[in-house]
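>>> Here is a sequence together with a model predicted from it:
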Amino acid sequence: MIYLLVALVSLFGLVAFGMLKGAVTGGTEAHYSPTPSMSDFYSLTANTLDGQAFDFSELKGKRVLIVNTASRCGYTPQYKKLQELHAAHAGENFVILGFPCNQFGRQEPGTAGEISDFCSKNYGVEFQMMEKVDVKGSGQHPVYSWLCNLGDNGVGDHQVGWNFHKFLIDSDGRLVSSLKSGANPMGGEILAFAQGK
């Protein structure tokens, strides 16, 4: 009887840990067959980290990885792997857009200049960093509204649960994956996507 009780307590503990881990690492993953979006991805705009307007029409024909970033997060070392991915595949119609965000644990409190300096000095980031935005809530940036809402992206509703959540958009502007924070930027799925496989 005691063994059964210990087994049940252990099982409940594992389930609770799995739920907590899922919440912290950005919720569930989702993968989609390429499906036309309800709203055109290429009609979106955002500002770069240095305040320049960036028109998403420039991304036509390119595979895009969008990631919300932070400088004081346990996942911050992913900047290194993101930069490795960029360095290896940027010439292959593959683009990374990093959107700093301070909504999770206030882990990105810096100004645009501070974020730029941090990324450059610590990780040699050369991929395109964008302005700091809200990825959820009433102030959600239009790019994240498109990524997170079925009515815009045509495939599913998503919630960004933490820093370094990743979205993959194919070369036709269709959302094909929503990946948890813990997804390795140099892991098989993202690497194959970057390579166009």
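Yep, it's here. What you are looking at is a predicted structure, and each value in this text was computed from that prediction instead of being measured. Numbering: from 1, shown residues only.

>>> Now do the helices in this structure.
Secondary structure of the chain (DSSP state H): helices at 2-24, 78-89, 112-123, 142-148, 150-153, 188-194.

>>> Which positions within the fourth one qualify as buried?
This points to helix 142-148. Within helix 142-148, the residues scored as buried using 16 or more other C-beta atoms under 10 Å are 143-148. C-beta here means a position set from N, CA and C on the backbone, and glycine is covered the same way.

>>> One more: the shortest one?
Of the residues in helix 150-153, those buried under the neighbour-count criterion (16+ other C-beta under 10 Å) are 152-153.

>>> Give me the contacts around stretch 109-125.
With contacts defined as C-beta atoms under 8 Å, 6 or more residues apart in numbering, stretch 109-125 is touched by 49-51, 71-72, 79-80, 82-83, 98, 100, 102, 108, 129, 131-132.

>>> what's the farthest-apart pair in those residues?
The largest distance within the contacts of stretch 109-125, taken as C-beta to C-beta, falls between G51 and K80 and amounts to 25.9 Å.

>>> Neighbour count: these two, which is higher?
K80 (15 against 8; other C-beta atoms under 10 Å).

>>> which ones are touching that one?
Y123.

>>> Next, work out how far apart it and K197 are.
Per C-beta to C-beta, to the nearest Å, K80 is found 23 Å from K197.

>>> residue ranges with poor pLDDT in this protein?
Residues of the chain meeting the criterion pLDDT under 70: 1-28.
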